[in-house]
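Peer 1: structural data only, the sequence is not supplied:
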């Protein structure tokens, strides 16, 4: 079942590539249908979610490379299931949104379906090698998306993206190998590794492995100072690519922290948690400040991603400061971190799609080129405003649920850092208000004269994302009920 | 006596070896080389390796003759006698060569070489023959193959007219069609 | 159930109206007023029934709402004022205006306020609190084509959100301090250090929301919204929320002292500000700060009942006054006091209502604020005499500005203007009645001499100012500092802007050395921009916020330019290095065989040496 | 003394017989029907694979007086070489069909293959040296097969470098024999243990000179780019792939066997060579515009990674399986990349590949798969190889080397992407009009095999364990 | 006569040969240098056999191997020289340097 969820898009992608004659519209419909089918499967999966004693549901464990104890081990738990759902949802949204894509539709669709498989596969992997395989393939897939369908400077940006993140992935690989060698018997199995806790008491080795994993994941996340690939990649990528990049791919980094680093290196994590707290806070403040200075709408959103991912790092770091934080606080922090991943995926995904719509009409992301768009495109303005407010953490949207948990859970462990991080939501508020004011309010002005309001496909792709964000913001239980047991498990491992 | 012979031949061998690169024509160089080999074969003979020593001598004579012919036939320097200096990077080469020699000589003199006197076979040639037919047979087989490969390779590289040039693409001619009789 | 409906009804209907947008313009007033009526009914029902509800939300932190004594008063007040304002608004906006948006926002705003006053834990409180802030932004910037109004909304939102950070801090501190459910009632039981942090956070948030010193200036800008918005914002909601929260948590110890003094000083100083404003709405805004100051004073001195009374009385009074001001604005097209001379003589309903409101505001016996304010002062006297005297002085000033507007609006001939619709006027008498009568509930337990004293102070204040302004409005524009809302710009410039300018210049110098060319010019431009901002914008009332924003973006630009650049430079240096190495790596491949030979042999010799050396070791 | 079962060498014998028979057959075939020889050669390769698979699980044995070992390494080499040769034979027609010496071309390929396998299986220094000759000499002829200016120059350089280093290797054999008292590895190991270190060091270096020449590693890598550019592409594919397999296995056998007991630090030697090789290869590839030179440098860097696994020979149990897996993956993927080059004979520079995707979708896809495979992107088999090699390296305590290898891998991405990016660009392809279909199919097959074997990593690793 | 003496001779021959291989331009002259180096191998192998392991045939086989290798290499050398001479009329390595970088 789970394998089907993961590989259905790939199968469809193969069909798309192999079928010789398909009109563009047929390709689009097949694409949307495949994504929808996958989403339905995920929903069924969610409804049937019943974690076994190991904490995982739909677990599959096949031998793959037994010589190095690596297997096709997949399963979902409370941490991966929401991300799986987010992934399939966001990909469906992108499929719908891309109905207007006219350049090489077939390849575009196949690439996105391939990426979907890769992303889903990563989130369900319970084996380091499997994780790495998907991690790397995601980079490859995204490279082609940016290079093939990006804006003017796309080739450079794509190259930068690839080199940076590939470097990160190799650091990750080294860390994985270190974990493998530390375990007795050697294994790449995440569940087994977290059971063994192989590096307990091995100070330097643990620190080195943590360094490798930390750098690898931090580049992907990205945190300051490894974030420099992000703005060009986002600026040059096509809208759907940006949405996936920010919405799903960035989560791979943070997900790696909660799925791999914390359970397998609890002692080391505790010892160096403060480092992550500080990095998180710096990312929060730095990302927000730099975003504030942007004049380019898409770049601005890209930098807010740095800010938002900073919260996640802050939370997981603070959860490691076990001595000074209560059990409940740790739960909250980790739950908040996972919630933030989902929330950021939805909201930033929507924002990037909106940015795409903006570019589509005005041909530029420069905010100064627009003014008073609310007059001509009230729905577009309304959607952007909702997304912006959701992104700045207004209660009633998912971002608040996530950030509140993060702040509340982290303050006990890292009071000063968390208090500094509060400033992040203030700066974010300022920058979004400024952006809204610049582009939508005041006298009307836009580069190409008339400014069309949102089209049906755009609305169909963006609105559901925001609706979900509101749903989570108001009735988070359906999500938190899934996340919390898993967060508790991680918290228990880190706290032991 | 043997010591004297050895040192004489050794010095002669090295000297004529050096001469190879000092004389000013290829033909002379060839003969200097031959001389060096002949000198070097004597010490081998001194080591009871009659068969191999003779083999070296015979091989070298053949080879040098071939080389001389080769040069005279193919090279721009028909007689192989015209003065010539065709060297490059002489200083560097000299440094490297001298350096190598110093390293090797130091090693030769300083290293405590294993000096176990083992029982010498009565007939070294017999020993060699048995080895070739026994434990080292595979070496010889592979060497044989290498020779086979050499034949094929040299033919491929050196001849510019193959069977299809001589007998036609379908090998239909009874007699080869050669510009010069003999197939070259 | 009624509690759920109470908070859900305005939120749902409001959201519905917002989503529907233009299509709902026609039915919006009916839906809005209908909803207002339902809410009022439910509010009364809840006030009587005192329900409490619970639903799970986060780990160990539920959504819990309850109506207790304090909340009961609040919900009824909020519902009442909301209804009045909604009825008034029906007259204010024509069918061609975005009424759906207006009514939707108003309902959502009121719903958030209702949640705020019924919340029993910090999570719910914070959610509602922030939603209130955001909707206030949308309401203040309602006429979004005007950049100035949007700016005002921004400032209001950002200022209050800055203060809101205190609530985030409080939430974290409560959790860390042992109150897992974040229940407000548990505040006192926290571990000592965390208790102080949580209290401090809540106090800051409350002071920000209720526009106390030093956050007062946002309220001035909030006057850019439509009049009904001001009426709602400045009476029973928003600013009242801060006071309510302080009354709810009853700060003690150092917090009590701080809160009490902030309240008293705000009451006094912002009263003085109100005294010299030229604009009616600005007078009312400053007076709001001042009056809320009394509530805060009450909260700081343990006078919860008194503070509540003041809140309710002020809510009725101030909504009435704003609606009157709005009515005049609609009728006469101005809110400038100089041009409003005699306005009260025009439409008698409005004029009389305004007079009642102004007198109540002045603390004129036997009107409501006379009684409630006296209760507050009495509580202050329990704490300390200086506090009491400060409060008394503030009361005198209140009487002064109220007398001034009263005198100005009633003297002179009535100007000509449009006639007002019945919706404009309908709520006014009811509110006037409330302003006059609501105080008696709090009469019991008052000390007679205090009542007499404050009553005479009010009379004296009115008498003095009416005398001063009868002929000519001598107070208008007096005192640069007061006129500019206490010259907060000076404070901002001295303590915020100037140090950061130093930092900016430092960074700029640093940049000069680090970066050349284009980036340099960019940095210089940024510095220049901040300079311009500092010189001119800081003069205006919201200088502090503007300067902070400018500094923020300057610092942001700097940090981006510098750090991004140096990171980029690092990366570029690495690439350049690799590039050079790449060229170098091809150098050995000369094509000359003897070079290959020599290199191979040399490397082999080196390797031999390496092996021998490592072997010897 | 001959207690041997010649059938143990059946795979090699098949190739030899095919070579001899092919030469004879070729002499009687019309020019256009020489494909029969190719068929014979292919059949021999297939036979070799089958004969190897059949005996795979037989216990290790040594033949001809301990001079040759048939174990997992040898068997894996047989299969990798035979598979690579098969792929090369598929590529060949476009280049050599109808040539006057077509039959001889196949014969030489087969002989070189035998030599390569013999190097891998050699358990005796002399056999190693003899196999070196057998593996080298046909390649000189192949390099100069076209007899054009560049081809003969390539052959000349290849030959002269090979001759010098071959002689050096002979010197090394002699020195090691002198201090070790024997040439079979087993006896040599004993002798070396007591021998003076400096002499062993000289001998080892001299011996390694020849082996590194075959592997194309620093300091004997100079021939690789020149031959890859000068020779025909199909020859380049062969010489940059097949000999390396035998050389790396031979080095591994030496390092893990006799040299491990000596007083010299061979692990360090190999590690240093690996580090320099991969770095130099990558750096030099950075700004290559000629695709063949670029691939040549890439093969140099690949040898560097392979040597990481070899360096771990004594430190990790995973070393041998990892090296063998990597070799197999490398062979297939590298031939695949060259196959793309062969398929587009007119495309010489990176720029000529601009817009390849539009005209030749599958070829472009194969190119991407093969190049990313060479980077070590999952799920190709080279990824599995790299992963296990890195693991072995870390396990053996060569952390610095593994980190360097990882950094190098990232750097290598740059030049592979320099090739991929124009190929995937949406432009009209003007560089190369001619496409050789058979080579294109071979490229696709190799790419598919690279992916497929990647998924079969588990069973493969279990087999070579 | 000792082993050292023979090895010294071999070293000298090897170095001379190396010098030749490095310094000569003409392909044939380089080959001569290589032959001198092989010569050194022959001498040293014979000496090693005689002085250290005369009871085993390995040394002799090494000598034989060296002789064969020399022959094979020389044959190839001539072939390659012929080929390049035909193709571009050069017999010097310096003139064959088109492949570089």
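Peer 2: In hand now; what should we look at? These figures come from a predicted structure and were not determined experimentally.
Peer 1: now the spatially most central residue of chain A, nearest residue through space, not along the chain?
Peer 2: Taking C-alpha atoms, centre = their mean as the criterion, residue A:251 is the residue nearest the geometric centre of chain A, at 2.8 Å. Residue nearest to residue A:251 in three dimensions, not counting chain neighbours: residue A:341, with 4.7 Å by C-beta to C-beta, 6 or more residues apart in numbering or on different chains. The C-beta positions use only the backbone N, C-alpha and C, and glycine is treated the same way.
Peer 1: what about the strands in chain C?
Peer 2: Along chain C, the segments classed as strands by DSSP state E run C:52-58, C:61-66.
Peer 1: do the same with chain E
Peer 2: Going by DSSP E, chain E shows no strands.
Peer 1: which regions of it sit below the pLDDT cut-off?
Peer 2: For chain E, no stretch is flagged by pLDDT under 70.
Peer 1: what about the biggest helix by length in it, distance to the chain center?
Peer 2: Secondary structure assigned by DSSP state H gives helix E:58-88 as the longest helix of chain E. Averaging C-alpha positions (C-alpha atoms, centre = their mean, to the nearest Å) puts helix E:58-88 9 Å from its chain's average.
Peer 1: likewise stretch A:196-206?
Peer 2: For stretch A:196-206, the distance to the chain centre is 29 Å (C-alpha atoms, centre = their mean).
Peer 1: and that stretch, does that touch chain D?
Peer 2: No: judged by C-beta under 8 Å from any C-beta of the partner chain, stretch A:196-206 stays clear of chain D, getting no closer than 10.1 Å.
Peer 1: contacting residues for whichever residue of the stretch 201-350 of chain A sits closest to chain D?
Peer 2: Nearest residue of the stretch 201-350 of chain A to chain D, counting by C-beta to the nearest C-beta: residue A:208, 8.0 Å away. Neighbour list for residue A:208: A:178, D:399 [criterion: C-beta atoms under 8 Å, 6 or more residues apart in numbering or on different chains].
Peer 1: now with 7 Å, please.
Peer 2: residue A:178 (C-beta atoms under 7 Å, 6 or more residues apart in numbering or on different chains).
Peer 1: quickly find the element holding it.
Peer 2: helix A:203-220 (DSSP states H and E).
Peer 1: what's the answer for residue B:105, then?
Peer 2: Applying DSSP H and E, one finds residue B:105 within helix B:90-110.
Peer 1: tell me the helices and strands packed up against that helix.
Peer 2: Packing partners of helix B:90-110 (3 or more C-beta pairs under 7 Å, 6 or more residues apart in numbering or on different chains; DSSP states H and E): helix C:593-616, helix D:197-215, helix E:3-23.
Peer 1: got the residues of chain B near chain D?
Peer 2: By C-beta under 7 Å from any C-beta of the partner chain, the part of chain B that sits against chain D consists of B:107, B:111-112, B:114, B:134-139, B:142-143, B:145-146, B:149-150, B:152-153, B:156-157, B:162-165, B:169-171.
Peer 1: now chain A against chain C: closest residue?
Peer 2: For chain A, C-beta to the nearest C-beta, closest residue to chain C: residue A:411, 2.5 Å.
Peer 1: contact partners for the closest residue to that residue other than its chain neighbours?
Peer 2: Closest residue to residue A:411 apart from its sequence neighbours, by C-beta to C-beta, 6+ apart: residue C:172 at 2.5 Å. Shown in contact with residue C:172 (C-beta under 7 Å, 6+ apart): A:407, A:408, A:411, A:412, A:418.
Peer 1: ok, and the most crowded of those residues?
Peer 2: When neighbours are counted by other C-beta atoms under 10 Å in any protein chain shown, residue A:411 leads those with 33 neighbours.
Peer 1: in this structure that one contacts residue C:173, no?
Peer 2: Yes: contact criterion C-beta atoms under 7 Å: residue A:411 and residue C:173 qualify, at 6.3 Å.
Peer 1: do you know how far residue A:404 is from chain D?
Peer 2: To chain D, residue A:404 is 38 Å away according to C-beta to the nearest C-beta, to the nearest Å.
Peer 1: what number of residues lie near the closest residue to chain C within chain E?
Peer 2: Going by C-beta to the nearest C-beta, chain C is nearest to residue E:100 of chain E, at 2.9 Å. Residue E:100 has 16 neighbouring residues, counting by other C-beta under 10 Å.
Peer 1: same question, residue C:349
Peer 2: Other residues near residue C:349 come to 17 when the count uses other C-beta under 10 Å.
Peer 1: ok, the one 3 residues further on next?
Peer 2: Applying other C-beta under 10 Å, we find 15 other residues in the vicinity of residue C:352.
Peer 1: how far away is it from residue A:308?
Peer 2: The gap separating residue C:352 from residue A:308 is 55 Å, by C-beta to C-beta, to the nearest Å.
Peer 1: what's the answer for residue A:90, then?
Peer 2: Counting by C-beta to C-beta, the gap from residue A:90 to residue A:308 is 15 Å.
Peer 1: which residue ranges of the stretch 301-450 of chain A form helices?
Peer 2: Counting by DSSP state H, counting those that start in this stretch, one finds helices in the stretch 301-450 of chain A at the ranges A:327-362, A:373-376, A:378-391, A:398-411, A:415-440.
Peer 1: just put those in TSV and tack on mean pLDDT.
Peer 2: Output for the helices of the stretch 301-450 of chain A, formatted as TSV (pLDDT from 0 to 100):
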stretch	mean pLDDT
helix A:327-362	90
helix A:373-376	83
helix A:378-391	90
helix A:398-411	90
helix A:415-440	86
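Peer 1: now do the contacts for the residue nearest the centre of chain B.
Peer 2: Against the mean C-alpha coordinate of chain B, by C-alpha atoms, centre = their mean, the closest residue is residue B:60 at 5.9 Å. Residues in contact with residue B:60 (C-beta under 7 Å, 6+ apart) are B:34, B:37, B:38.
Peer 1: between the residues you listed, which has the most around it?
Peer 2: residue B:37 leads the contacts of residue B:60 on contacts (other C-beta under 10 Å) with 26 neighbours.
Peer 1: that one contacts residue E:39, doesn't it?
Peer 2: Yes: between residue B:37 and residue E:39 there is a contact at 6.0 Å, judged by C-beta under 7 Å.
Peer 1: ok so, going back, can you tell me which of the strands of chain C is most buried?
Peer 2: Comparing these by mean neighbour count (mean count of other C-beta atoms under 10 Å in any protein chain shown), strand C:61-66 comes out on top with a mean of 21.
Peer 1: that strand and chain A, any residue contact?
Peer 2: No: using C-beta under 7 Å from any C-beta, strand C:61-66 stays clear of chain A, with a minimum separation of 7.9 Å.
Peer 1: next one: that strand to chain centre, how far?
Peer 2: Put simply, strand C:61-66 sits 24 Å off its chain's centre (C-alpha atoms, centre = their mean).
Peer 1: work out for me the element the one residue in chain D that gets nearest to chain B sits within.
Peer 2: Closest to chain B within chain D is residue D:65: 2.9 Å, counting by C-beta to the nearest C-beta. Counting by DSSP H and E, residue D:65 is held by no secondary-structure element, helix or strand.
Peer 1: can you mark which positions in stretch C:326-342 are buried?
Peer 2: C:326-332, C:334-335, C:337, C:340-342 (16 or more other C-beta atoms under 10 Å in any protein chain shown).
Peer 1: dump those to a markdown table, plus distance to residue C:274 and pLDDT.
Peer 2: As requested, these are exported to a markdown table (distance: C-beta to C-beta, whole Å; pLDDT from 0 to 100):
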| residue | distance to residue C:274 | pLDDT |
| --- | --- | --- |
| C:326 | 18 | 84 |
| C:327 | 20 | 84 |
| C:328 | 18 | 84 |
| C:329 | 18 | 83 |
| C:330 | 23 | 81 |
| C:331 | 23 | 81 |
| C:332 | 21 | 78 |
| C:334 | 19 | 79 |
| C:335 | 14 | 78 |
| C:337 | 11 | 77 |
| C:340 | 15 | 77 |
| C:341 | 18 | 79 |
| C:342 | 21 | 77 |
